[in-house]
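> whatever this is, show me its structure:
(one chain, ligands or ions: 2)
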Amino acid sequence: MVDVLLSSLVPAAQAEACPSGPTFYLETFGCQMNVHDSEKVAGVLLSRGYRPTSDPDRADLVLYNTCSIREKAAQKVFAHLGRHKKAAGENRRVAVLGCVAEQEGERIFERAPWVSLVCGSASYRRLPELLDRLEAGERRVTGLGLDVDETFETEVTRRDHPFRAYVTIIEGCDKRCTFCVVPSTRGPERSRASSSVLAEVRRLADSGYTEVQFLGQTVDSWRDPGPPGLSFAQLLLASAEVPGVRRVRFTTSHPRDFGPDIVQAIDRCPTLCEHVHLPVQSGSTRVLERMRRNYTREQYLETVALIRSARRAISLTTDIIVGFPGETEEDFALTLDLLDRAQYDGVFAFKYSPRPNTPALAWPDQLPEQEKSRRLALLLERQREIQVARNTAWIGRAAEVLVDGRHEARNQWTGRTSGNRVVNFSSPASHLLGQYAQIAITQAGPNSLVGEQIL
Ligand code: SAH
Ligand code: F3S
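Ligands and ions are numbered 1, 2, ... in the order given. Below you'll find the model as predicted:
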């Protein structure tokens, strides 16, 4: 699959330029933004003649694109770095990219002296120059600092997902929620020009992609930096009009910037997917204030009502943090109650994890780990019941999916609906990947639907 993509997106001359060039292994942790950054980094490496390998023990250059959103994620990278200690003394180069790189900076060289490149996402524009220095034999190369006003765009992007193409439209974040490392690891908010976004969407459609997903930490805060000065909703509508595009998704929306024009656009244009990911974080206004989320419980519920009043059945998903410093039983009960009111189609729930360079880290009223775990389990249980009920309502209905996988053992295909529900289904067809199929839904579980293709 990757070869097909390479040939479609990398000019053939480049892809074949160096059959004996150095090899790279690139592993990604964390969010979709990181996944997509890695695709761009891979594009930079390919255009320099590097060849990808899936074996870290045989690569000339090993890169970890890291995540530091929660402590566990950040610890993982050091475990991985350990295995390259010996080979790095010989001829392997090891690089740490992404959020842990930005957060730990040169301290990484102290903990893992065999690392030779440390580069945060706000410095990826400088990657070619940093790689030049690395290739010239420099032992410690860094790309750090958040003083940027540019977005990271590349000539060549090696896309990993065969059917859904990620497109970054806004990078960084200025919101400074009191629990979150993102503003200090990804830098200030900067939007990409609509002309550049739309040109990329056209290129993607021309090379066969039918689904594009716009990415940003706060994707709905996107503002066109120049003429024609499109709003976010207008950008969605314009990209849906690109010939060949059948689905446009976007994530993550910030409740504060989410307006009625986005709902109207989804209602008006079937190409815009009927899904909004709108992290609430807590159901208690008191906690939301302490988190610096800039909305109250009531305002958030008004936005939910707006989404629910649409003509289309827009799926709504969210992120929630349990056990934020000072979260009382009462606050937590309000979060559980919010689940009942919002009737989410999916929830990503996390135990609060204290992060460096964030205000909440130093607050005295931290909750014991055990209590956070108890609240998380209660919340997941409540949400599970809601999802079973919401998914059960699909039985007997039909849904269109973009087919993106096959389970040989179960003799089933899998795909996603416009509302981002996973549907596993049976079909006599032998080629379905990348196609759109109509499915009659016959069963429902908490996390997926089961059905049969309508022929
Ligand atoms: N930009 C997105 C989310 C970025 S991080 C937004 O505006 O919401 C993804 C999710 O990780 C967050 O929504 C939050 O629920 C969770 N998260 C972020 N920092 C966390 C922390 N310190 N502890 C636990 N979960 C956290
Ligand atoms: Fe993080 Fe809040 Fe921005 S969760 S990414 S600081 S909106």
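> list the residues that contact Asp37.
By C-beta atoms under 8 Å, 6 or more residues apart in numbering, the contact list for Asp37 reads 65, 97-98, 121, 124, 152, 168. Yep, even glycine has a C-beta here, placed from its N, CA and C like the rest.
> which of the three states applies to it?
Of the three states, Asp37 takes helix under DSSP: H, G, I helix; E, B strand; the rest coil.
> what pLDDT does it get?
Confidence at Asp37, expressed as pLDDT, is 96.
> next: the one 4 residues further on.
Per-residue confidence for Val41 comes out at a pLDDT of 97.
> check contacts around it.
26, 63, 65, 97, 124, 127.
> tabulate those (TSV), appending distance to Tyr295, secondary structure and pLDDT.
As requested, these are exported to TSV (distance: C-beta to C-beta, whole Å; DSSP: H, G, I helix; E, B strand; the rest coil; pLDDT from 0 to 100):
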residue	distance to Tyr295	secondary structure	pLDDT
Leu26	37	strand	98
Leu63	38	strand	98
Asn65	31	strand	98
Leu97	33	strand	98
Tyr124	32	helix	95
Leu127	37	helix	96
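> picking up where we left off before, who wins for neighbours among the contacts of Asp37?
Gly98 (29 neighbours; other C-beta atoms under 10 Å).
> give me the beta-bridge partners of that residue?
For Gly98, the beta-bridge partners under DSSP bridges are Thr66.
> let me see the contact set for it.
29-30, 34, 37, 64-67, 120-121, 185.
> what do you get for His84?
Counting by C-beta under 8 Å, 6+ apart, His84 makes contact with 56, 62, 92, 94, 114.
> show me what from the stretch 101-250 of the chain comes close to ligand 2.
Within the stretch 101-250 of the chain, the residues that sit near ligand 2 (C-beta under 6 Å from any ligand atom) are 173, 175-177, 180, 182-183, 217-218.
> tell me, which of those make contact with ligand 1?
Among those, the residues that sit close to ligand 1 (C-beta under 6 Å from any ligand atom) are 180, 182, 217-218.
> mind giving me the domain split of the protein?
2-143, 156-392, 398-453 (automatic domain parsing).
> where among those domains is the average confidence lowest?
domain 2-143 (a mean of 87).
> that one near ligand 1 anywhere?
Yes. Under the criterion of C-beta under 6 Å from any ligand atom, ligand 1 is reached by domain 2-143 at 69-70.
> still on that earlier bit, looking at the contacts of Asp37, which is nearest Val141?
Leu97 (11.8 Å; C-beta to C-beta).
> need the contact list for the closest one.
For Leu97, the contact set (C-beta under 8 Å, 6+ apart) comprises 37, 41, 63-66, 117, 119-121, 124.
> distance check, it against ligand 1.
Distance of Leu97 to ligand 1, given as C-beta to the nearest ligand atom, to the nearest Å: 18 Å.
> list the buried residues for stretch 340-350?
Judged by neighbour count using 16 or more other C-beta atoms under 10 Å, the buried positions of stretch 340-350 are 342, 344-347, 349-350.
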